[in-house]
Each structure stands twice: as structure tokens, then as C-alpha cells.
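S.K.: sequence plus the predicted model coming up.
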Amino acid sequence: MATDLLLRNIRPLGGEATDILIEKGRIARLGTGLAAPAGVVVEDGRNEILLPGLVEAHTHLDKSLWGLPWYKNEVGPRLLDKIDNERLNKRRLGIDPYQQSARQSIQSSLMGSTHIRSHIDIDTDHGMWGVEGVMKMRDYYRDIIDVEIVAFPQSGMLRRPGTLELMDEAMKLGAEVVGGLDPCTIDRDPKGHLDAVFALCQRYGKPLDIHLHEPGEVGAFSMDMIIERTRALGMKGKVTISHAFCLGTPDPALIDPLIAQLAELDIAIMTTAPASRPAPPVKRLIEAGIRVCSGSDGIRDTWGPYGNADMLERAMFVGLRNNFRRDDELRIALDVCTIEGAKVMELDGYGLSQGCRADLVLVPGETLAEAIVTRSPKRRVVKGGKIVARDGVSIKSAP
Ligand SMILES: [Zn+2]
């Protein structure tokens, strides 16, 4: 049931203090000294900063080890080592997609995220196990967080016969986005891989979000083929390229033409702002009018031990990776983790204006930049007009 809530003495985006009245899960009124209608829950905002809910636009809910015993990582250095190691050990390690996605989703909610886009593994060893587990999870936890599912051929698609048929099955089951991955270096068949994933997009009328780790010239080649298909199939505004390390190549002759075409075709870029890889230049992309979102990627999985699902921390990483120091630059980093992510996920009614959905987070801080660098754990999270997390405690418990 939708809840009515009056938030008193809050500062939207660090601005002037005001009140916000939430009715039927949406922002009904903003203004100082609003009268509390009978029966409404009143919450003292304590002059804290109000943000729209943080947007985790790229993660892997089905494979987190959150809450499981520490995994001693002795995996080889290649991408394929990590892919094969995970697929072969998933069941043995007890990585149940329902349980693990619930644990990570609750953690995300505690940190202030209200929306998640998650890639879910599709492979011939596990079939629909991941997609079905995460779909069941999101139904049960839908009052604290919204989850969008990307069908993701993590182990490759054409190199493992049967995977493409499973991708089709996942789309039939209701995955919202078609995934893909490194068409040159994993499937070693860029035309075959890209034609297949774009065909799924066309068949189901869904967008594409493709992992592209390929660096330098190879990555630029794959990106060019993605651009070519986006244009030919009229998929302007419906494609996201995740990681896009090739855009971090310091070679204007290579990346300038790509950036111009990404802008022209409204192709979005997702970056985790990685510390140890070339990374897309966030400010330059935003200034070119390109939608840029961010995400945690894998959190505490067999790929790597890091991550806490905090998109405010991710905003700091975006700032650090891009040498953002000025307050207006940190605002860009925060936008990437909020409004830009919402644009990439095409979220309806996202924001702090009248009529927007009441998916919000309250954080202590003097300014937005200070909130990012201090990252207080004392957060209050509102989803659909209801307070769903307070100071690290969720209204839902994890399995
Ligand atoms: Zn990923």
C-alpha cells in the first residue's frame, strides 16, 4: 500500500531547506512549513541533503559472494580464466542466485540505491537458474528496490553452442535488456556475435547493454561495429556500451570519431571508473551530450574481492579517476550515479520535482561534494514513499 510521508527540513541537492509531502508514492508538494495532513507520517530531515535514489546501473547480482565464507582468489590472469573458474565453481561455492541477489540488493538499498540494472549470467551449465532466481528475488523485494535484468552471455555465446537459444529463452521469460560481451576476443567472431545480439534486440524490441573490455584498436573496431548496427537498425538511444576501456586510449585520431558518433546516435557509456584500466573520459563525454552512468560491477565475487554497493563511494571513484577536484566536477560525478543512470535506464518519474516518484535518499553533509567525500553511513532511504532503510538497517531481512 502506498504510504504518505512528510519530510521536514531537508535540502534537495544541498540547496535551501524545505519540506516535501509525499502522497501515493509520489512527490506531491514542496515548500517550507507544509501542513501535515491527518495520519501522515512525519520525518525530521535534520537539515540533511536529499538526493534522488542512487542508481546502480551495472552490477552482477547473481554472482556475489556476499555473506558467504571468504573466497580465496587464486584465479589466473586472463579474462577466460575468470569466466571458466566462475562457471565451474558456482554451485560448489553455494552461489545461489536468489539468495545472493537478495543479499546484495539489501546492501544496495541500505547504501541508498533505489534502482539496479543487473547483468545475469546465461550459459549452458546453468540455463535459466540465474534469471529465474533474480526474478523471484525482485518480486519479493520490490518494495525496497527496482531491478532490471540484462540477459548476459558471460561465457561467450557463439563459442558455446546452445547459449544463443538460452539468451532467446531469457528474453521470453522477461529480461528487459539484451547483453553481450567482447565480440572479438571472447567469441572471436565480431560480426556473428553482434548480428546475433542485435537480432535479439529487434525480435523482442529491447535495448542492448554490451560489455566491451577490449582495449585500444580492437575495442575501437568493435565499438565501430556496434555503432554501425545501431545506425542501420534505427536503435538510436537504445544502446549502452559498458566499460568501453578503448575510449581511455590517449589517441585523438582513434577516439574522436567514436565520441562524435556515440553522441550522434545517443549511445550511452557505463564506466566503473576503474583504478587499474584505461577509462572513458567522463567530463568530455557528458559535455558531448553522451549519457554516462556507473555501477559497482561485480561485488565480492570470484572475479575480485572488492565492492560494497555504495554508489556515493562510486561517485568518489569517478571523481578520483577523472581528476575531479572542483565542486562542480564532483556534481558531475554524482549526476553519473543518479540522474545520468536514470536516463540510461529510462526511468520514468525520476527526480526531485513535484510528481516524481518518491525514491529518495537522505544523507548528512554540508554540500554535495562533502557528502561524497565523507560518505556517512547514516542514510535514510525512501522507496515508493516509504522509509525502507535507516542507519544501515533495512525493513527487509536477507535469506
Ligand atoms: Zn559487468
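M.R.: Perfect, thanks for sending it.
S.K.: can you tell me the helix or strand for the closest residue to Gly112 other than its chain neighbours?
M.R.: Excluding the flanking residues, the one nearest Gly112 by C-beta to C-beta, 6 or more residues apart in numbering is Val361, at 3.6 Å. Bear in mind the C-beta positions are built from the backbone N, C-alpha and C, glycine included. Per DSSP states H and E: Val361 is located in strand 360-363.
S.K.: mind listing the strands that strand pairs with, and their directions?
M.R.: strand 41-52 (antiparallel), strand 380-383 (antiparallel) (DSSP bridges).
S.K.: right, and those strands - which one's nearest Arg326?
M.R.: strand 41-52 (18.3 Å; C-beta to C-beta).
S.K.: circling back to that earlier point, next helix or strand past the strand holding Val361?
M.R.: helix 368-374.
S.K.: need the winner for burial among the strands paired with strand 360-363.
M.R.: Scoring the strands paired with strand 360-363 by mean neighbour count under mean count of other C-beta atoms under 10 Å gives strand 380-383 as the most buried, with a mean of 25.
S.K.: after it, next one along is what?
M.R.: Following strand 380-383 toward the C-terminus (DSSP H and E): strand 386-390.
S.K.: any idea how far that next one is from the chain center?
M.R.: Distance of strand 386-390 from its chain centroid, counting by C-alpha atoms, centre = their mean, to the nearest Å, is 21 Å.
S.K.: pull that strand out as PDB, backbone CA atoms only.
M.R.: Provided in PDB are the C-alpha atoms of strand 386-390 (Å, rounded to 0.1, in the frame of the first residue of the first chain):
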ATOM      1  CA  LYS A 386       8.100   4.600   2.500                       C
ATOM      2  CA  ILE A 387      11.200   4.700   4.600                       C
ATOM      3  CA  VAL A 388      12.900   1.300   3.800                       C
ATOM      4  CA  ALA A 389      16.300   1.700   5.400                       C
ATOM      5  CA  ARG A 390      17.600   3.800   8.300                       C
END
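S.K.: in its sheet, what does that strand sit against?
M.R.: Strand 386-390 has the following strand partners under DSSP bridges: strand 380-383 (antiparallel), strand 393-394 (antiparallel).
S.K.: which other residues reach the first one?
M.R.: Here strand 380-383 makes contact (C-beta atoms under 8 Å, 6 or more residues apart in numbering) with 5, 7, 22, 43, 48, 53, 109-110, 112, 114, 143-145, 358-362, 387-391.
S.K.: again, but for the shortest one
M.R.: Contacts with strand 393-394, where a contact means C-beta under 8 Å, 6+ apart, come from Ile106, Ser109, Leu110, Ile144, Val388.
S.K.: got TSV for those residues, with distance to His60, neighbour count and pLDDT too?
M.R.: Shown next, in TSV, are those (distance: C-beta to C-beta, whole Å; neighbours: other C-beta atoms under 10 Å; pLDDT from 0 to 100):
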residue	distance to His60	neighbour count	pLDDT
Ile106	16	24	98
Ser109	17	28	98
Leu110	19	22	98
Ile144	19	22	98
Val388	23	22	98
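S.K.: of these, which belong to strands?
M.R.: In strands, defined here by DSSP state E, the members of these are Val388.
S.K.: the least confident helix or strand in the chain by mean pLDDT: which residues count as buried?
M.R.: Least confident helix or strand of the chain, by mean pLDDT, DSSP states H and E, is helix 79-89 with a mean of 94. Within helix 79-89, the residues scored as buried using 16 or more other C-beta atoms under 10 Å are Leu79, Lys82, Ile83, Asn85, Glu86, Arg87.
S.K.: show me what the host helix or strand of Glu313 is packed against.
M.R.: Element membership for Glu313 (DSSP H and E) is helix 311-321. Helix 311-321 is packed against strand 54-59, helix 327-336, helix 368-374, with contacts defined by 3 or more C-beta pairs under 8 Å, 6 or more residues apart in numbering; DSSP states H and E.
S.K.: pick the one among the contacts of strand 393-394 closest to Gly39.
M.R.: Closest approach between the contacts of strand 393-394 and Gly39, by C-beta to C-beta: Val388, at 19.7 Å.
S.K.: which ones are touching the nearest residue to that closest one once chain neighbours are set aside?
M.R.: Residue nearest to Val388 in three dimensions, not counting chain neighbours: Ile144, with 4.4 Å by C-beta to C-beta, 6+ apart. Residues in contact with Ile144 (C-beta under 8 Å, 6+ apart) are Ser105, Ile106, Ser109, Val381, Lys383, Val388, Ala389, Ser394, Ile395, Lys396.
S.K.: equivalent analysis for Ile120, please.
M.R.: Residues in contact with Ile120 (C-beta under 8 Å, 6+ apart) are 60-62, 97, 130-131, 134, 149-152, 170, 175.
S.K.: also Trp66?
M.R.: So Trp66 contacts Gln100, Arg103, Gln104, Gln107, Ile299, Arg300 (C-beta under 8 Å, 6+ apart).
S.K.: picking up where we left off before, in JSON lines: the strands paired with strand 386-390, plus distance to Gly237 and mean pLDDT.
M.R.: Output for those, formatted as JSON lines (distance: least, C-beta to C-beta, whole Å; pLDDT from 0 to 100):
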{"stretch": "strand 380-383", "distance to Gly237": "27", "mean pLDDT": "98"}
{"stretch": "strand 393-394", "distance to Gly237": "34", "mean pLDDT": "98"}
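S.K.: and of those, who's closest to Arg92?
M.R.: Between Arg92 and the strands paired with strand 386-390, the tightest spacing by C-beta to C-beta is seen for strand 393-394, at 29.2 Å.
S.K.: now distance to Arg321 too, for the strands paired with strand 386-390, in CSV please.
M.R.: Formatted as CSV, the strands paired with strand 386-390 follow (distance: least, C-beta to C-beta, whole Å):
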stretch, distance to Arg321
strand 380-383, 26
strand 393-394, 30
